[in-house]
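Undergrad: any chance you could fold what I've pasted below:
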Amino acid sequence: MLFHFNISKYLTCLNFLNFQKQTTFFFFNIFTRNESNQKKYVIYKTYISFIFSLNSSLNNKMAIIMKRNFSIFLFIAITSIAAAQAGSFNITNKCNYTVWAAAFPGGGVKLNTGESWNMNITNGTSNARIWGRTNCTFDNLGLGKCQTGDCNGTLACQTIGTPPNTILEFSLNAYNDLDFYDVSLVQGFNIPIKLTPSFNSCGTVNCTADIIEECPTQLQVPGGCNNPCTTFNTPEYCCNSVARSAVVATNASATCAPTSYSKFFKERCPYAYSYPKDDATSTYSCMGGTTYDVVFCP
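TA: Below is the predicted model:
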């Protein structure tokens, strides 16, 4: 959605001093020079609300009131811009077991059934991910280990998780002020997951099939269904000329092709990435500044 407006059209309807008009243009342009039309609209909408409140409060001490209210407006504008600089994720565990939610960047927390974690990620962040960990034990220092999705033995992840783990990948405020996101099974599967944007026009993506119960014998591991690259470590499954681990499998060559194992994942979760060079229909986009609801076991 794009927002189009003309500041002058609104300002010419208002009986303010030329100084105030010039000052408004000056600060508005400084604060929004790098912002999208959507963010400018939000900020300017705040300004219009300020204008009407000011009109209702003008009296013999107009200059003092204008100075005070204009300062308030500037504070609100700066706060609005700061809020717009982060993508918001509301992560909820609806599984009937504990999930240790993880994000890179972002850290990690323990989520019992029904608990949520609200997280903000700075706009401009790319190649980020959210996933869940299972069967974890941590000490009071946040050190320990997880059966699936472990991130170097820490509760607050500072690196990506180890397979198998179902992954939500995203880049915020990227090309043309858009967010890009997907569900990836390139590193296997451990927990059903769903992402829903706050804008209905943006696509919901999920993988909720009972993959662990149906997992091919060769890929079965405790707590999850592994990916073929980690299991076999061959170019056919790792998608490059030299076999590598699944952690770097996304650096695939252009010749990467689906296999019987990737087709197993694709048939059960058709809108998720099943191998590093999966088709473009697995990637979704939404306008920057969107709030996302992430649910384990939706």
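Undergrad: contacting residues for the nearest residue to residue 203 once chain neighbours are set aside?
TA: Using Cβ to Cβ, 6 or more residues apart in numbering and skipping residues adjacent in sequence, the residue nearest residue 203 is residue 284, 4.4 Å away. C-betas here are computed from N, CA, C, even on glycine. With contacts defined as Cβ atoms under 8 Å, 6 or more residues apart in numbering, residue 284 is in contact with 180, 181, 182, 202, 203, 205.
Undergrad: quick check: bridge partners of residue 284?
TA: residue 181 (DSSP bridges).
Undergrad: ok, it to residue 113 distance?
TA: 28 Å (Cβ to Cβ, to the nearest Å).
Undergrad: picking that back up, check what pLDDT the residue nearest to residue 203 gets.
TA: pLDDT, the model's per-residue confidence, is 94 for residue 284.
Undergrad: equivalent analysis for residue 170, please.
TA: We have a pLDDT of 95 for residue 170.
Undergrad: switch to numbering from 22
TA: Renumbered: residue one is now 22, and that last one reads residue 191.
Undergrad: quick check: which element contains it?
TA: In this assignment (DSSP states H and E), residue 191 forms part of strand 188-192.
Undergrad: buried stuff in the lengthiest strand in the chain?
TA: Ordering each strand of the chain by length in residues (DSSP state E) puts strand 149-159 first. Using 16 or more other Cβ atoms under 10 Å as the test for burial, strand 149-159 gives 149, 150, 151, 152, 153, 154, 155, 156, 157, 159.
Undergrad: low-confidence ranges, the protein, go.
TA: For the chain, the stretches with pLDDT under 70 are 22-106, 262-276.
Undergrad: just to be sure, residue 239 is in a strand?
TA: No. Assigned with DSSP: H, G, I helix; E, B strand; the rest coil, residue 239 falls outside any strand and is helix.
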